[in-house]
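Peer 1: Dropping the sequence and predicted coords here.
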Amino acid sequence: MKVVVALKRVIDYNVKIRVKTDGTGVETANVKMSMNPFDEIALEEAVRLKEAGIVSEVIAVTLGTQACQDVLRTALAVGADRVVLIETDVELQPLAVATCLKAFVQKEQPRLVLLGKQAIDDDANQTGQMLAALLGWAQATNAFKLEIAGDHATVTREIDGGLETLEASLPVIVTADLRLNTPRYATLPNIMKAKKKTIESLLPADLGVDPSPRLKTLLVSDPPVRKPGIVVNSVTELVEKLRNEARVI
Amino acid sequence: MSAYRAPLKEMRFLVHELVGLKRLAELPQWAEITPDLLDQILDEAARFAEGVLSPLNAIGDRIGSIRSDDGSVTTPPGFKEAYQQFVEAGWNSIATPQEFEGQGLPRAIGTPVSEMWHGSNVAFTLCPLLTQGAIEAIHIAGSEALKQQYLPRMVSGEWAGTMNLTEPQAGSDLAALRTKAIPNGDHYLLHGQKIYITYGEQDFTSNIIHLVLARTPGAPAGIKGISLFLVPKFLVNEDGSLGARNDVHCVSLENKLGIHASPTCVMAYGDQGGAMGYLVGEENRGLEYMFIMMNAARFSVGMEGVGLAEAAYQHALKYARERVQGTPTGTDSHQRSSILGHPDVRRMLLTMRAHVEAGRAMAYQGSLYLDLAAHHPDASVRADYQTRVDVFIPVIKAWNTEMAVNMASLGIQVHGGMGYIEETGAAQFLRDARITSIYEGTTGIQCNDLIGRKVMRDQGRAMFALLAELEQELSAHLSAAHELEGSQIEASLKACDASSLKLFSELKVILNAAMVAVHTLKRATEWVVATSVDRSRHPEIFAGAWPYLKLTGNVLGGVMMAKAAQHSAQHLSAKEGDIDFFEAKIRTAHFFAFHVLSENEGLLATLTQGGQSIIDFPPNAF
Amino acid sequence: MTTLVIAEHSNLTLRASTLNTIAAALQLGEPVSVLVAGYGADMAAQEASLVVGVHQVLHADAPHYAEQLAEEMAVLIQKLATDFTTLIAPATVFGRNLLPRVAALLDIAPITDILAIESNDTFVRPIYAGNALAKVQTLETKKVLSVRPTSFEATAAQGGNASVVKIEACAAVRLSQFKSRDLASSDRPELAGARVVISGGRGLQSGENFQMLEALADKLGAAIGASRAAVDAGYVPNDYQVGQTGKIVAPELYIAVGISGAVQHLAGMKDSKVIVAINKDPDAPIFQVADYGLVADLFQAIPELTAAL
Ligand SMILES: Cc1cc2nc3c(=O)[nH]c(=O)nc-3n(C[C@H](O)[C@H](O)[C@H](O)COP(=O)(O)OP(=O)(O)OC[C@H]3O[C@@H](n4cnc5c(N)ncnc54)[C@H](O)[C@@H]3O)c2cc1C
């Protein structure tokens, strides 16, 4: 059984982002880029399934420019068998990504697709669900635990205030939450070996997809700065402020 | 707490551009190493250093390694697991030869990687580092049988290695060594005590392979009578399984200033009849083998200095950004600012930054020379680079480690009172750094090496050749800088951008300062060579060995800084790459010129005039 | 031009997020319908009809809606969507799971996690974990949106009078089955990831007094932390420590109780969204970082606060 893992290249989570002064977005030039942390977890899960003998081939796919090859190299070093770049330089939005992935999945015929629950750049939290809809597959988002037995997947999901367990027949889409596993570090020998493997390449057009954006970002700005604090005179006033001004309770 | 971040941008700039990975392509075995492969290795190493090693650094300091009554040693919580991960990820074998399943990567790549280990957790790193040294020694001098029996499992990290040189009466002077090795069939029985043995006992690995310097009966006195032995903690059976416990034991751990996680052991050999040891190479050639490895070992300790100084700088900078105190002079408002607003705090931080960048650049340059000297297909090219290596090594070792101690101290100063409080973590860098200028040959020994063996012995030939080359490079850069400035004047006039023009005129100042520095070192070297003709004045020369080494480090570092500025200006004029990074490079080089290179005239005076005052103060005058 | 709000509910009652979502929907200025799809969800549908501003409630009831699985719900909403120009759900785990699935079925690019509505087609949403805000305009024929509940003040739950229209369920797709749900009621969230953190310091004077904080934490679903001073004094175990050498937290709400605010402590919590400090010393440094400071004796203030919530 094959598994496809979709990966996104994002600004490294340690980088303190800077909003561009012209408001067109966030500065990405000369900024450290990495694999989206939730996607790392998805990839790790796929590799573990392979090590457990449940999966025979792990295919990692990403969409974007040539620069995205680095996350695919990392995927190879972590244990992906094949890696594919769907190459495009348009601004990618989740629906376009899901549409490309749908065509890719139909071509590769995996029984399981793993993705991160969201990318830490746009925080959209959409692609997995949309891919499931387009394929007409079952979806299990925010996975905390994944078990595959025969043709069945049992997924425990993180939901508000606790956990929920679902069961589905394959094929299924699973999106990884933080606690699904702890991703391994790529090993040096595997980095060296990965160097010798090829990165397959496709164009959206090869998949019959037009990835043009359908939403327009008008402005990206800094969040409002922290106001100087105030002193409240009573518990009642504190509760009132927390409720109606700060809106945190 | 002290979250270390690998300075990847800086490392990439150095390896890709300034030191030039291209040179490695001349070496057939590394022809396939591409920039993107290098980037990936650096990225993954950074993840490991930041994610696994750095979080353990403070714990290691606080808890330290502990010896139990049965002689076993327990490393701090998490260290054993980290070692396992380190080995599984294959980092321990980055440099070991491919014939033993190592990755065989060049030092030019291993160096930034090791800097990350040192910066994030130097006490941990000593174990794989010493194992690497032991592997090299066995590889260089061991018999085929020894290699086959021990190397595969040392390379894989299943076993670790140690280096046992020091004895109570024999530190800098190994000629005073007393440990005995008595032939006994196919092996020897060792008796004696070794002190300060790093990771002499630990709980990382199932076996520990000690390399021990000892004397055989009837061996010549002094350094010509020392042999090298391999003494495993557990004897190894024919089939590779572990046999009896050997008669070598950790009898105590030192209680020490820093690197608390690294167990520093007193090792007793042969208390119960003799420790079984196997001769490595030939009798009486032990020190010779050690010398072959010594350049690499000293280089590594120099990198410990760079890594620690970088970590101390990051730590201090982070604090300075957050600490609010006082109103900087010249500001009208009464608004308090972060201490970064105070020029003196920025002076301290720039001092740290500039020294780290210079020390790193000089060391990375040295790493390339080490690769070329060891692996260039052409023997005469190898020999040329070996002379370069010989000059660079004592400087990389001593300048960087003394620098690290001073910078870590400055890092505490940036913190104010909080720096003195252990919880902040600033003090650990100073305590950890303090050992680096002592082991693998103290600064004093490095200074003697540079001025005595590397300069006086060949009447300065190697040094003069190096200086001539630097002079040539700098003049080429200077004329390029003139042209750059010319083209920029026009561009800036059009764009009314005076501030960028300033950077280009600063570039010339920087290059000129580096040129002056080269001339100062030339004068210093001329004085050494001329004075050395009179043997009676040798003590006076050696009295100036430290100012001479410091001057050499300032110059080698200063030239690298100037070259970095030159490259940066080129990028800026082409408007390509990371503008902030390149502007900061030029400014840091400018700082280095006026705050460090400006010491050089004083160092020259100390060298030429100051030795006498030491000689005039004989031991009995104290 | 009408808006459909997808209600989040437990069959018996509406979840609070639904009221915030209705409020957001009302801002769009179109008539608002609410979909209550569930099993035995009459009570929830009834409740929805009382919410101020709701025009009508669509109530679909079938066993396969009992757990509101995305696969089942999406098909139903896709069918209903022809009658609406805007579909809107709360950006909770429920809405995040469902809404993109609906959007993809409709071939519409959704906008999720909206913080503010700028105009009929333009919305503000956080990116990079809230470190930047993006103003996004949709070019689609229909709008499929999810809104962050805490950004929209809830509409009044009582006072409306909408009609409840029973609608037909779609055939079950049965792509996935619900097995179980395990809601941790008493277990506190983990310190590092908690939405609310309450930390105690030396001011609590003993380990027993931390129970006071526990009562408050239960009300707020908060995790409990401590300053180093409290840990060193043995009031609570090591893993409670927030600060430079302890855990670094950045919850939405951080309440520092009886903590003076040494720099080391501040380093561990200063990125919290809202900081409350309760201390009887008005000069305690903690007040310098607090959004809301209350100078009071914590032994009075904490029980009072707990009771007021
Ligand atoms: C934490 C730690 C770990 C160590 N790890 C190891 C290890 O793993 N294996 C091992 O074998 N050793 C190890 N050592 C020993 C270390 O290499 C020696 O301490 C070092 O070489 C200095 O020797 P010494 O301590 O005897 O000092 P000494 O040689 O007594 O030196 C004292 C002072 O005299 C100066 N001096 C001595 N001779 C000269 C000279 N000819 N010219 C000018 N100045 C001179 C020195 O610079 C120094 O300032 C370790 C030491 C420490 C503290």
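Peer 2: Happy to help now that I have it.

Peer 1: tell me the phi and psi of the closest residue to the ligand within chain B?
Peer 2: Going by C-beta to the nearest ligand atom, the ligand is nearest to B:G171 of chain B, at 1.6 Å. Yep, even glycine has a C-beta here, placed from its N, CA and C like the rest. As for B:G171, its main-chain torsions (degrees, to the nearest 10) stand at phi -110, psi -90.

Peer 1: Can you tell me how far it is from chain A?
Peer 2: 36 Å (C-beta to the nearest C-beta, to the nearest Å).

Peer 1: now do B:T205
Peer 2: 19 Å.

Peer 1: OK, contacts around that residue?
Peer 2: B:Y83, B:G157, B:E158, B:W159, B:A160 (C-beta atoms under 8 Å, 6 or more residues apart in numbering or on different chains).

Peer 1: can you pull the buried residues of the strand ranked longest in chain A?
Peer 2: Longest strand in chain A, counting residues (DSSP state E): strand A:138-149. Buried residues in strand A:138-149, counting neighbours by 16 or more other C-beta atoms under 10 Å in any protein chain shown, are found at A:A138, A:Q139, A:A140, A:T141, A:N142, A:A143, A:F144, A:K145, A:L146, A:I148.

Peer 1: And the most far-flung residue of chain C relative to its centre, how close does it get to the ligand?
Peer 2: The centre of chain C is farthest from one residue, C:A233, which by C-alpha atoms, centre = their mean lies 35.5 Å away. Going from C:A233 to the ligand by C-beta to the nearest ligand atom, to the nearest Å gives 36 Å.

Peer 1: go on, C:P63?
Peer 2: From C:P63 to the ligand the distance is 72 Å (C-beta to the nearest ligand atom).

Peer 1: Now that residue. Its backbone dihedrals?
Peer 2: Given degrees, to the nearest 10, the pair of backbone angles that C:P63 has is phi -50, psi -40.

Peer 1: Could you tell me which residues make contact with it?
Peer 2: C:P63 neighbours (C-beta under 8 Å, 6+ apart): C:Y39, C:A172.

Peer 1: From the contacts of B:T205, which land in strands?
Peer 2: Short answer: those in strands (DSSP E) are B:W159, B:A160.

Peer 1: Just the closest of the contacts of B:T205 to chain C, please.
Peer 2: Within the contacts of B:T205, the smallest distance to chain C is 23.4 Å, found for B:Y83 (C-beta to the nearest C-beta).

Peer 1: Run a quick neighbour tally on that closest one.
Peer 2: Neighbour count for B:Y83, taken as other C-beta atoms under 10 Å in any protein chain shown: 22.

Peer 1: That one and B:Y199 touch, don't they?
Peer 2: No - in this structure B:Y83 lies outside contact range of B:Y199 using C-beta atoms under 8 Å: 10.3 Å.

Peer 1: so what sits against both of these two?
Peer 2: B:C127.

Peer 1: Report the rounded mean pLDDT for the host helix or strand of A:L166.
Peer 2: Per DSSP states H and E, A:L166 falls inside strand A:162-169. The pLDDT scores in strand A:162-169 average 93.

Peer 1: okay, the angle between the longest strand of chain A and strand A:162-169?
Peer 2: Strand A:138-149 runs at 80 degrees relative to strand A:162-169, counting by axes from the mean of the first three to the mean of the last three C-alpha atoms, to 10 degrees.

Peer 1: what's the offset of strand A:138-149 from the middle of its chain?
Peer 2: How far strand A:138-149 lies from its chain's middle: 15 Å, per C-alpha atoms, centre = their mean, to the nearest Å.

Peer 1: One more: stretch A:12-24?
Peer 2: On C-alpha atoms, centre = their mean, the centre of stretch A:12-24 falls 19 Å from the chain's centre.

Peer 1: Just the endpoints, please. Distance across it?
Peer 2: 20 Å (C-alpha to C-alpha, to the nearest Å).

Peer 1: and it, which residues are buried?
Peer 2: Here stretch A:12-24 shows A:D12, A:V15, A:I17, A:V19 as buried, counting by 16+ other C-beta under 10 Å.

Peer 1: Quick check: A:L135 touching A:Q129?
Peer 2: No - at 11.1 Å, A:L135 does not count as touching A:Q129 under the criterion of C-beta under 8 Å.
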